[in-house]
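Participant: build me a model:
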Amino acid sequence: MTKNNFASLILFLFTTLLNAQIQQEVAPPFNIKTVSFVQGGQNVIPIFKLNEGFQVQFDDLFGNEANYYYELVHCNYDWTPSQLVKSEYIQGFDNQRIQDYENSFNTLQLYSHYRLSFPNKFTQFRVTGNYILKVLNEDREMVFSRKFILYEDIVGVPLQVKRARDVRDINFKHNLDFAIKTTAINFINPLQNVKVTLLQNGNFNTAINNIKPQYTIGNDLIYKYDKETQFWGGNEFLYFDNKEIRGVANNINYIESKELYNTHLYPNKARANQIYTFNPDVNGNFVVRNLYVENNQIEADYAWVFFLLDAPAYFGKSDIFINGMFNNYALNDENKMEFNKKTGMYEKAILIKQGFTNFQYVLADKSKKIDNENAIDGNFYQTLNDYQVLVYYRGVNERYDKVIGKGMASSENIVN
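Facilitator: This is a model prediction of the structure:
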């Protein structure tokens with residue numbers, strides 16, 4: 001082998017390895033806030049039917065009308081880039097400037113609000129699958145990225161939430177029983193070609209993957225596992241509501257008026273050793289709202305929200321984070337609590353856009369692995385969670401994983 005051929009081989013192998021890397025979400029910098037997928041005017045879990053319209057919205061606290069661009073990457077089931085070239089998964093082109101933006105109005109915190117709609121005149125999607133949206137700055141450097149999924153309704157996915165079958169977990173876990181039913185596809189080698197992803201409240205960080213059909217009945221695939229499809233039940237999300245940013249309301253102790261309003265919440269106690277108490281929530285979601293304005297997107301203000309957690313027993317064991325859909329369940333320093341030895345309390349202040357916000361306290365080790373078993377607020381089978389099952393299929397000689405169906409159920413209808 002000549003030196004040139006050897007160099008070409010090394011370059012090919014390096015490129016192949018690079019392309020095979022799992023695409024991780026990149027958290028936004030401090031100035032980028034309230035990144036959300038919006039459909040019908042509401043924040044939603046980023047799972048959309050192919051050709052449905054949706055938006056990606058975010059705020060830039062610098063408020064200088066900076067130029068941002070977007071790029072789309074189509075991925076396999078395992079979030080590695082697929083073999084498709086860009087013209088095969090989008091009609092048109094990406095790498096376009098986000099042109100829909102406006103500045104905040106009558107707010108203490110200046111910001112520019114950006115909206116990116118899909119499909120748009122430049123970009124329409126051709127195929128289903130996993131996608132990574134990358135938002136780039138003027139120098140084409142990535143600012144942040146977010147996952148979303150496009151699917152088609154080709155198969156039915158009847159789904160039922162049950163209590164755990166193991167008596168040791170029966171009071172703490174939810175088990176998903178489901179099937180994949182269709183007359184439109186004759187599955188070939190379903191143990192290899194059919195894959196599923198199970199989600200609790202749309203949280204990709206706690207997804208269950210790589211579960212094979214337990215058995216088949218004709219062309220139906222049946223999943224009735226005892227342990228493999230179980231989630232810890234968790235507890236109901238906590239919340240605060242500062243739509244009236246100058247006044248106290250439920251769960252808000254007092255307000256300080258400074259450069260920005262400071263919203264101080266009442267201390268929360270660890271609920272793991274308490275009995276379950278029903279507390280209506282929106283399963284981690286949030287609603288941006290200013291009580292006295294018409295356009296919440298640009299007239300809702302930001303406030304420093306001060307969280308207090310009374311849980312000294314956890315000090316020195318693991319890190320504690322505050323998360324929800326408002327920060328994409330991120331486990332980073334911006335959301336990590338600090339222990340105050342004088343008060344014996346965990347504390348954290350986070351800049352959040354005003355409105356109704358669900359949040360939870362999460363225990364994780366130094367490698368960011370979440371400890372659900374020892375959750376600060378416990379695990380209860382009575383907890384109301386929404387569950388989603390996504391079905392992927394790659395037929396013979398096909399080059400990407402199609403998403404061919406979605407199942408949904410709530411533990412509100414849990415059965416034994």
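Participant: point out where this protein drops to low pLDDT.
Facilitator: The chain contains residues with pLDDT under 70 at 1-20.
Participant: if you set the cut-off to 90 instead, what comes out?
Facilitator: 1-24, 188, 218-219, 249-250, 279-280, 316-317, 366, 396-397, 416 (pLDDT under 90).
Participant: show me how it divides into domains.
Facilitator: 21-151, 159-233+382-413, 238-364 (automatic domain parsing).
Participant: take the ones you listed and write them to CSV, including distance to residue 374 and mean neighbour count.
Facilitator: Where C-beta positions appear, they are placed from N, C-alpha and C, glycine not excepted. Listed next are the domains of the chain as CSV, based on distance: least, CB to CB, whole Å; neighbours: other CB atoms under 10 Å:
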stretch, distance to residue 374, mean neighbour count
domain 21-151, 25, 17
domain 159-233+382-413, 10, 17
domain 238-364, 6, 17
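Participant: nearest to residue 376, of these?
Facilitator: Residue 376 sits nearest to domain 238-364 of all these, at 4.6 Å, using CB to CB.
Participant: how far does stretch 245-256 stretch from start to finish?
Facilitator: Stretch 245-256 has its terminal residues 10 Å apart, counting by CA to CA, to the nearest Å.
Participant: gap between that stretch and the chain center?
Facilitator: 28 Å (CA atoms, centre = their mean, to the nearest Å).
Participant: quick one: contacts of it?
Facilitator: 238-243, 257, 261-266, 290, 301, 303, 354 (CB atoms under 8 Å, 6 or more residues apart in numbering).
Participant: hey, where'd the strands end up in the stretch 251-400 of the chain?
Facilitator: 252-257, 261-265, 268-269, 286-288, 302-310, 319-323, 338-340, 345-353, 355-364, 386-393 (DSSP state E, counting those that start in this stretch).
Participant: what do you get for the stretch 1-150 of the chain?
Facilitator: Along the stretch 1-150 of the chain, counting by DSSP E, counting those that start in this stretch, strands occupy 32-39, 42-43, 47-49, 54-60, 69-75, 90-92, 96-97, 100-103, 112-118, 123-125, 129-136, 142-151.
Participant: redo those as a markdown table? Include distance to residue 24.
Facilitator: Converted to a markdown table, these look like this (distance: least, CB to CB, whole Å):
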| stretch | distance to residue 24 |
| --- | --- |
| strand 32-39 | 15 |
| strand 42-43 | 22 |
| strand 47-49 | 19 |
| strand 54-60 | 18 |
| strand 69-75 | 11 |
| strand 90-92 | 22 |
| strand 96-97 | 24 |
| strand 100-103 | 27 |
| strand 112-118 | 21 |
| strand 123-125 | 22 |
| strand 129-136 | 9 |
| strand 142-151 | 8 |
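Participant: which of these sits closest to residue 334?
Facilitator: Across the strands of the stretch 1-150 of the chain, residue 334 has its closest neighbour in strand 32-39 (10.2 Å, CB to CB).
Participant: and the closest one, C-alpha only, in CSV?
Facilitator: Extracted C-alpha coordinates of strand 32-39, given in CSV (Å, rounded to 0.1, in the frame of the first residue of the first chain):
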residue,chain,number,x,y,z
ILE,A,32,-30.0,31.9,25.8
LYS,A,33,-33.1,31.2,27.8
THR,A,34,-36.6,29.5,27.5
VAL,A,35,-35.8,27.3,24.6
SER,A,36,-39.0,25.5,23.7
PHE,A,37,-40.9,23.7,21.1
VAL,A,38,-44.3,25.3,20.5
GLN,A,39,-47.4,23.9,18.7
